[in-house]
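1. Predicted structure and sequence below. I'll ask about it afterward.
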Amino acid sequence: MKTRLSLIATGVVAAAALFTASLALAGADVATLHLTAKDNNKSFTVQRHSVIVVKLKDPGWDGGYGWTRGYSSGVKRVRYHTIAARSPHHIVGGGVAKQIWRFKVVGPKGEGEIQFRYVSPARKVVRKFVVGLRIG
């Protein structure tokens, strides 16, 4: 009985180690590309299933300005969130927020693109952020 329990425990430990190793290998295959405003109008080579994180500062976040996602191809948005700015005395326009998008590359081999537009409260486009993708 003691030998049988020992064999079962050894098997469980081995299975857990194999599972952990497979998770580590799966994570190693997925690269993450981090983009900011300095990457505007650039192109990047990415692999299918890789992750793209776009972080854009939003200086007018509390005055009605903001980034909106435009046309995108070859990617799927999986998450979006905003980090609000801390401004002294809650002054309108007194802080810079960050808008953060997380995408997964889903397109087949070829060309893709991610676009954002920075718009005013009247929905007028103030500036654009465009990144080209070469999906390998």
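-> That came in fine, so what should we check first?

2. Check the gap between the closest residue to residue 100 other than its chain neighbours and residue 112 for me.
-> What sits nearest to residue 100 in space, not counting adjacent residues and going by Cβ to Cβ, 6 or more residues apart in numbering, is residue 55, at 5.0 Å. From N, CA and C alone the C-beta is placed, and that goes for glycine too. Distance of residue 55 to residue 112, computed by Cβ to Cβ, to the nearest Å: 19 Å.

3. more neighbours, those two?
-> residue 112 (23 against 14; other Cβ atoms under 10 Å).

4. Quick check: chain neighbours aside, which residue is closest to the more buried one?
-> Excluding its sequence neighbours, the residue lying closest to residue 112 (Cβ to Cβ, 6+ apart) is residue 74, at 2.4 Å.

5. Wait, the one you found touches residue 106, no?
-> Yes: Residue 74 lies in contact with residue 106 (Cβ atoms under 8 Å); the separation is 6.9 Å.

6. out of those two, which sits in the more crowded spot?
-> Neighbours per residue (other Cβ under 10 Å) separate residue 74 from residue 106, with residue 74 holding more: 22 against 14.

7. how about the strands in this structure?
-> Using DSSP state E, the strands of the chain run over 32-35, 43-46, 51-58, 66-73, 75-83, 97-105, 110-119, 125-135.

8. Partner strands of the fifth one and their direction?
-> Strands flanking strand 75-83 in the sheet, each with its direction: strand 97-105 (antiparallel) (DSSP bridges).

9. which residues are contacting the partner strand?
-> 46-59, 61-62, 66-67, 69, 72, 74-85, 112, 114, 133, 135 (Cβ atoms under 8 Å, 6 or more residues apart in numbering).

10. Can you tell me which of those are buried?
-> Buried members of these, counted by 16 or more other Cβ atoms under 10 Å: 46, 50-52, 54, 56, 58, 61-62, 66-67, 69, 72, 74-75, 85, 112, 114, 133, 135.

11. hmm, back to that, quick one: contacts for the residue nearest to residue 112?
-> Residues counted as contacts of residue 74 (Cβ under 8 Å, 6+ apart) are 105-107, 110-113, 133, 135.
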